[in-house]
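**Student:** coords please:
(one chain, ligands or ions: 2)
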Amino acid sequence: MATTTAQNNLKNQLFVGSFIHSKKLNQLEYLHGASVCVDKNGKIVAVDTQCAGDVKKAAATLYPTLGEGWSEGEVVVQVAKEGQFFFPGFIDTHIHASQYPNVGIFGSSTLLDWLNTYTFPLEASLAEPAKARKVYTRVVRKTLSHGTTCAAYYATKDVASTNLLADLCLAAGQRALVGRVCMDTPLSPEYYRDESPAQSIAATRASIAHIARIDPAMALVRPVITPRFAPSCSIPLMQALGALAAETDLPIQTHISENKNEIALVRELFPVAATGAADDSYTAVYDAFGLLSSRTILAHAVHLSEAEADLIALRGAKVSHCPCSNSAITSGAARVRWLLDKGVCCGLGTDVSGGYSPSVLEAARLAALVSRHVAMGGDEAAKLTVEEVLFLATRGGAEVVGLEDKVGGFEVGKEWDAQLIGLGSVGEDGAVEDGDEDGNVDVFGWESWEERVAKWVYNGDDRNTRKVWVRGRLVHERK
Ligand SMILES: O=c1[nH]c(=O)c2nc[nH]c2[nH]1
Ligand SMILES: [Zn+2]
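**Tutor:** Residues are numbered from 1 along each chain as shown. Ligands and ions are numbered 1, 2, ... in the order given. A predicted model of the protein is given here:
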């Protein structure tokens, strides 16, 4: 079992250079020549925008205000090189850790046949401990290397391997919500199904208890109640999960309105007469069972009606937009602008392995492109800007997973979940400077900062993610 989240003897830290983060949905803030002090608990305790990138000046201004442990020699200093910048860590609001080996493997399937052909067999096979360890170790490392400092993970129905995923997140230092997947209907094959609602709840409680043991303060890892999606759960299980959510106050994650056949299935499986729901919509089904609240993360939300989106806004439930998955398995194009205009809080999900990439940067790029497809359908205002997709990837995601007070930006009081981004700087001879040569982004020197960030969003990848910190701890470094 992993140990609790002591901060591994962190020292106080000073970060100096350029910082970029979202101010609001359509605005990035650029702080050049700034400095940020992070204490031993990984918390931002001071921000200075006046030091002109000068470490001595920053130290002279900030250290005296911070007291013990803040003198030259005691503080670890990290300076971003010219052209590099600190950016908040990405938040993946929807990812199936258990499906990671299948990234890119989806053929021409759509949701329901994709589940049966590719997904259930792989997930079931992770009941084998060695295989689960191999897959989960890799997915945590891989997502960290792409700058994902926080992920809302689905594991499988198996308790031991779900608990292992939580252990591995904690050990690697990744912030995570970890969900044991609940599913008791014949939608899934007999070999991969909970035996009964009672067994499903008991197994879920066992996983919740494990996570509470390894990280009692939920400093990094927390459990999330995870009905796979309505068609996977019987009415008694839905009722019991709603009751569990009310009892524990834990977050909930599930899928909604991804694919038209799935929606028809929900209508068939959950008639109003059986659920007592306000109507026969997918959203009303979750609402009827107490599974639609401000702690609910709804993945996809592609084909919602006007009334469903209004109900989601009313309940304060959140949406994880998964453009990569929606395109790969041809589910449709979610109308993110429409949701945002209704006041629905949205973030981005990679939805590995419906989505083929574990990168939130890729999800941001695809969110921009999918929004352009929505625009080409006639709603010109649907287009999402670079600023907006980066907001969804950071601050929006933080709110989706209920961590907006802790992460998503560089304010005093937030925790240092950050990435150091480096782009390729092209010299006079056309060569890229040392250390930057293997990236995909070429910066010629005449671009504005806004243009550099746009080039990163549209062409960047993990080669640009030089270092990653969670709660002040360095959790990834690109060598
Ligand atoms: O994208 C998805 N991935 C899944 O694993 C899944 N299960 C139900 N519905 C789902 N959608
Ligand atoms: Zn999913």
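
**Student:** On the three-state scheme, the residue most central in space within the chain is what?
**Tutor:** With distances taken as CA atoms, centre = their mean, the residue of the chain nearest its centroid is residue 92 (1.4 Å). What DSSP: H, G, I helix; E, B strand; the rest coil gives for residue 92 is strand.

**Student:** From the opening residue of stretch 398-418 to its closing one, how far?
**Tutor:** Chord length of stretch 398-418, first to last residue, is 13 Å (CA to CA, to the nearest Å).

**Student:** Show me where the stretch 301-450 of the chain has its helices.
**Tutor:** 306-315, 323-328, 336-341, 360-376, 386-391, 397-400, 449-459 (DSSP state H, counting those that start in this stretch).

**Student:** my guess is the residue nearest to the centre of the chain meets residue 147, correct?
**Tutor:** No - using CB atoms under 8 Å, residue 92 makes no contact with residue 147, being 9.9 Å away. For the C-beta atoms, the positions are set from N, CA and C on the backbone; glycine is no exception.

**Student:** Now the common contact residues for the two.
**Tutor:** residue 360 (CB atoms under 8 Å, 6 or more residues apart in numbering).

**Student:** For ligand 2, which of the helices of the stretch 301-450 of the chain is the nearest?
**Tutor:** helix 323-328 (6.6 Å; CB to the ion).

**Student:** For the residue nearest to the centre of the chain, which residues are in contact?
**Tutor:** Applying CB under 8 Å, 6+ apart, the residues near residue 92 are 143, 148, 150, 151, 152, 348, 349, 350, 358, 360, 363, 397.

**Student:** The second one and residue 88: what is the separation?
**Tutor:** Pointing back at residue 148 there. 11 Å (CB to CB, to the nearest Å).

**Student:** Have a look at these two and say which one is more surrounded.
**Tutor:** residue 148 (32 against 26; other CB atoms under 10 Å).

**Student:** measure the residue of the chain found nearest ligand 2 to residue 320 for me?
**Tutor:** Among all residues of the chain, residue 351 sits closest to ligand 2, at 4.5 Å; criterion: CB to the ion. Computed as CB to CB, the residue 351 to residue 320 distance reads 8 Å.

**Student:** what's the overlap in contacts for those two?
**Tutor:** In contact with both residue 351 and residue 320: 94, 299, 300, using CB under 8 Å, 6+ apart.

**Student:** Quick one, grab the pLDDT at the first one.
**Tutor:** Reading off the per-residue confidence, residue 94 sits at a pLDDT of 99.

**Student:** And for the second one?
**Tutor:** Reading off the confidence values, residue 299 has pLDDT 99.

**Student:** sorry, back to before: ranking by neighbours, what's the top pick from the contacts of residue 92?
**Tutor:** residue 397 (36 neighbours).

**Student:** quick one: contacts for it?
**Tutor:** 90, 91, 92, 93, 150, 347, 348, 360, 408.

**Student:** measure the last one to residue 372 for me?
**Tutor:** Yep, that's residue 408 we're talking about. Following CB to CB, the distance that separates residue 408 from residue 372 is 25 Å.

**Student:** Now do the end-to-end distance for stretch 108-122.
**Tutor:** Span of stretch 108-122 from end to end, CA to CA: 18 Å.

**Student:** Give the buried residues for whichever strand or helix holds residue 166.
**Tutor:** Assigned by DSSP states H and E, residue 166 belongs to helix 159-172. The neighbour-count check on helix 159-172 (16 or more other CB atoms under 10 Å) flags 159, 161-172 as buried.

**Student:** These into CSV, with extra columns for distance to ligand 2 and pLDDT?
**Tutor:** Below are those laid out as CSV (distance: CB to the ion, whole Å; pLDDT from 0 to 100):
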residue, distance to ligand 2, pLDDT
159, 20, 98
161, 18, 98
162, 16, 98
163, 21, 98
164, 20, 98
165, 15, 98
166, 19, 98
167, 23, 98
168, 20, 98
169, 18, 98
170, 23, 98
171, 25, 98
172, 22, 98
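
**Student:** Return the closest of these with respect to residue 392.
**Tutor:** residue 169 (22.4 Å; CB to CB).

**Student:** Might one say that that closest one is in contact with residue 141?
**Tutor:** No - counting by CB under 8 Å, residue 169 does not reach residue 141; the two are 10.9 Å apart.

**Student:** Surely residue 157 touches residue 206?
**Tutor:** No - Residue 157 is beyond contact range of residue 206, at 11.7 Å (criterion: CB under 8 Å).

**Student:** more crowded one of these two?
**Tutor:** residue 157 (28 against 14).

**Student:** what's near enough to touch that one?
**Tutor:** 123, 180, 181, 182, 183, 192, 193, 194, 200, 203.

**Student:** ok, 7 Å please
**Tutor:** 180, 181, 183, 192, 194 (CB atoms under 7 Å, 6 or more residues apart in numbering).

**Student:** can you check residue 44 too?
**Tutor:** Counted by CB under 7 Å, 6+ apart, residue 44 has contacts 36, 38, 410, 411, 412, 413, 414, 416.

**Student:** quick one: what helix or strand has the closest residue to the fourth one other than its chain neighbours in it?
**Tutor:** Leaving out its chain neighbours, the residue that sits closest to residue 411 by CB to CB, 6 or more residues apart in numbering is residue 44, at 6.7 Å. For residue 44, the element it lies in under DSSP H and E is strand 44-48.

**Student:** And the average pLDDT for that strand is what?
**Tutor:** The model assigns strand 44-48 a mean pLDDT of 97.

**Student:** So in that sheet, which strands flank it, and in what orientation?
**Tutor:** strand 27-38 (antiparallel) (DSSP bridges).

**Student:** Show me the contact partners of the partner strand.
**Tutor:** Contacts for strand 27-38 (CB under 7 Å, 6+ apart): 12-16, 18-23, 44-49, 51-53, 58, 62, 66, 387, 390, 410, 416, 449, 453, 472.

**Student:** one more time with 8 Å, if that's ok
**Tutor:** Under CB under 8 Å, 6+ apart, the answer for strand 27-38 is 12-23, 44-49, 51-55, 58, 62, 66, 70, 86, 387, 390, 410, 416, 449-450, 453, 472.

**Student:** Put the buried members of those residues into a PyMOL selection.
**Tutor:** In PyMOL, this line selects whichever of the contacts of strand 27-38 come out buried by 16+ other CB under 10 Å:
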select buried, resi 12+13+14+15+16+17+18+19+20+21+22+44+45+46+47+48+51+53+55+58+62+66+70+86+387+390+410+416+453+472
